[in-house]
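Asks: any chance you could fold what I've pasted below:
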Amino acid sequence: MARLFGTDGVRGVANEELTPVLAMQLGMAGAYVLTKENEHKPTIMVGCDTRISGDMLANALMAGACSVGANAVYVGVIPTPAIAYLTKKYKVDAGVVISASHNPMEFNGIKFFDGNGYKLSDDLEDEIEALIKNNMQDINFPIGAGVGKIKYRTDAREEYINHAIQSVNVNLSGLKIVLDCAEGASSYTSVEAMKELGGDVIAIHNAPDGTNINANCGSTHMQELQARVVYEKANVGLAFDGDADRLLAVDENGKIVDGDQIMAIVGNHMRELGSLKKDTIVATVMSNLGFYLMAERENLHIEQTKVGDRYVLERMKEIGASLGGEQSGHVIFLDENTTGDGLLSALHVLQCMVDTGKPLSELAKIMDVMPQSLVNAKVPNHKKDHYMEYPEIAKAIDELTAKFEGQGRVLIRPSGTEPLVRVMIEGKDQKIIEEECHKLADLIQNTMI
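Replies: Numbering: from 1, shown residues only. As a prediction, the model looks like this:
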């Protein structure tokens, strides 16, 4: 049996790989592991994104939690960062989000937070997984009054909006903002927050129906937002993913501003405000070379981690950093929340625009984005970690690495959440790196089929 947990919880096609039975088992094992040290009756907060399978899996998970004596609080559709924040605020014992983030509608996922709002360590995930594999042998199931119960709340998202506004209380009057809500969890929270701050908000893809989440919209499909910003003569466009823990932006000319650029813009502004601890930003190996050149020029220190916002967060906690994130748009403001937060990221970008009086296109000039190509090779999920065991693939990677040495870089990595091997090449010539990237990705896909 392959490891259940990836870099961002348990993921799979709902009702096929991620079944209600597995959700119930995760509820049992997760509630037991995360609350076994407590002498009181534990409580777990549960929320989901807008996928049609969310209620099915959430109710199965809560049934599992109740069966081991934990209470559940169901807050319905809500961003992932809201669960992280509210878990800590309400002093519940753990939080769970039912979401597959930016993945297509048929996928879903289960992600746990501990009582402090942090994603679980590998050790805790392994402990949960071991219980499931051992068929819950170590768990005592209570009867009678010992069984847990479920409470339903509809006001939690307002608490999250208030927290975001209090954290970045910027006056958005006079700013025309196009929001792409990805038919997901930000469809209410992001729109309401920016309206409350005085913004002229035009919301698109904010009518989720359970089946349209991430469908040609949001932070993974930016074309419509780019065109809409130019058409509306808006100041900025902001794109969330399905569970609203990531953000990408579009400047007034319709050009994408990615997570690296957002961290560069906001990081330098935070330093001016005195809130960038240790003048340090934590980023991953996938960050653009231009980001590192910017940091060198601006005398900022970059701490580098492997890919995954959980690893960024771990390093931030270790060194006491206040800002970190990924090129994909997961940006963590650790003084304000314990996970990537699309709404906080959006408000920080808008704050930079308001405080400096500069358009986003000018702010984005703080770093030059080096030509970069990223191509996904589709491979069987159980094979994706073993690509270097194929001699022809290993040879091609070695040859390509030698070719770009000193003029760029080659990075190959399996996806933590999807059946993919990602091929990324940076270099000086966009055409050449795209050709080489596609050639290597095709080789990996055809060899590992």
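Asks: then the longest helix belonging to the chain to CSV, C-alphas only?
Replies: In the chain, assigned by DSSP state H, the helix with the most residues is helix 430-447. Only the C-alpha atoms of helix 430-447 are listed here, as CSV (Å, rounded to 0.1, in the frame of the first residue of the first chain):
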residue,chain,number,x,y,z
GLN,A,430,12.7,30.7,-24.1
LYS,A,431,12.4,28.7,-27.4
ILE,A,432,15.3,26.4,-26.5
ILE,A,433,14.3,25.7,-23.0
GLU,A,434,10.7,25.0,-24.1
GLU,A,435,11.9,22.5,-26.7
GLU,A,436,14.2,20.7,-24.3
CYS,A,437,11.5,20.7,-21.6
HIS,A,438,8.9,19.1,-23.8
LYS,A,439,11.4,16.6,-25.2
LEU,A,440,12.4,15.4,-21.7
ALA,A,441,8.8,15.4,-20.4
ASP,A,442,7.7,13.3,-23.5
LEU,A,443,10.6,10.9,-22.8
ILE,A,444,9.5,10.5,-19.1
GLN,A,445,5.9,10.0,-20.0
ASN,A,446,6.5,7.5,-22.8
THR,A,447,9.1,5.5,-20.8
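Asks: what about the strands in the stretch 151-300 of the chain?
Replies: 176-180, 200-204, 236-240, 247-250, 256-257, 280-284 (DSSP state E, counting those that start in this stretch).
Asks: which residues touch the residue nearest to E192 when sequence neighbours are not counted?
Replies: Take E192 and drop its neighbours on the chain: the residue closest to it by CB to CB, 6 or more residues apart in numbering is I161, 5.6 Å away. Where you see a C-beta, it was placed from the backbone N, CA and C, and this is true even at glycine. Residues near I161 by CB atoms under 8 Å, 6 or more residues apart in numbering: 189, 192-193, 196.
Asks: and I110, that one's in a strand?
Replies: Yes. Per DSSP: H, G, I helix; E, B strand; the rest coil, I110 lies within a strand segment.
Asks: how is the chain divided into domains?
Replies: Following automatic domain parsing, one gets these domains for the chain: 5-156, 170-366, 372-447.
Asks: that older thread, M294: which of the strands of the stretch 151-300 of the chain is closest?
Replies: Closest to M294 of the strands of the stretch 151-300 of the chain is strand 280-284 (CB to CB; 9.9 Å).
Asks: low-confidence ranges, the chain, go.
Replies: Along the chain, the model assigns pLDDT under 70 to residues 1-2, 37-38.
Asks: what residue of it is the furthest out?
Replies: Most distant residue from the mean C-alpha position of the chain: G144, 39.8 Å away (CA atoms, centre = their mean).
Asks: roughly how far does it sit from G69?
Replies: 11 Å (CB to CB, to the nearest Å).
Asks: how long is stretch 146-163 end to end?
Replies: End-to-end span of stretch 146-163 (CA to CA, to the nearest Å): 35 Å.
Asks: quick check: buried residues in it?
Replies: 148, 150, 153, 156-157, 159-161, 163 (16 or more other CB atoms under 10 Å).
Asks: same list (the residues you listed) but as TSV, adding distance to N337.
Replies: Formatted as TSV, the buried residues of stretch 146-163 follow (distance: CB to CB, whole Å):
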residue	distance to N337
G148	27
I150	26
R153	19
A156	15
R157	15
E159	13
Y160	9
I161	13
H163	8
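Asks: what's the closest of these to D355?
Replies: The nearest one, if we look at these relative to D355 and count by CB to CB, is H163, at 20.8 Å.
Asks: contact partners for that closest one?
Replies: 85, 89, 336-337.
Asks: tell me the SS of A72?
Replies: A72 is classified as strand under three-state DSSP.
Asks: I'd say it and V147 touch.
Replies: No. Taking contacts as CB atoms under 8 Å, A72 lies outside contact range of V147: 11.5 Å.
Asks: which residues do those two both contact?
Replies: What both A72 and V147 touch, as defined by CB under 8 Å, 6+ apart, is the set C66.
Asks: circling back: filter the contacts of I161 down to the buried ones.
Replies: When the contacts of I161 are checked for burial by 16+ other CB under 10 Å, the buried set is 189, 192-193.
Asks: and the strands in the stretch 1-150 of the chain, which stretches?
Replies: Under DSSP E, counting those that start in this stretch, the stretch 1-150 of the chain gives strands at 5-6, 9-13, 43-48, 71-77, 94-98, 107-114, 150-152.
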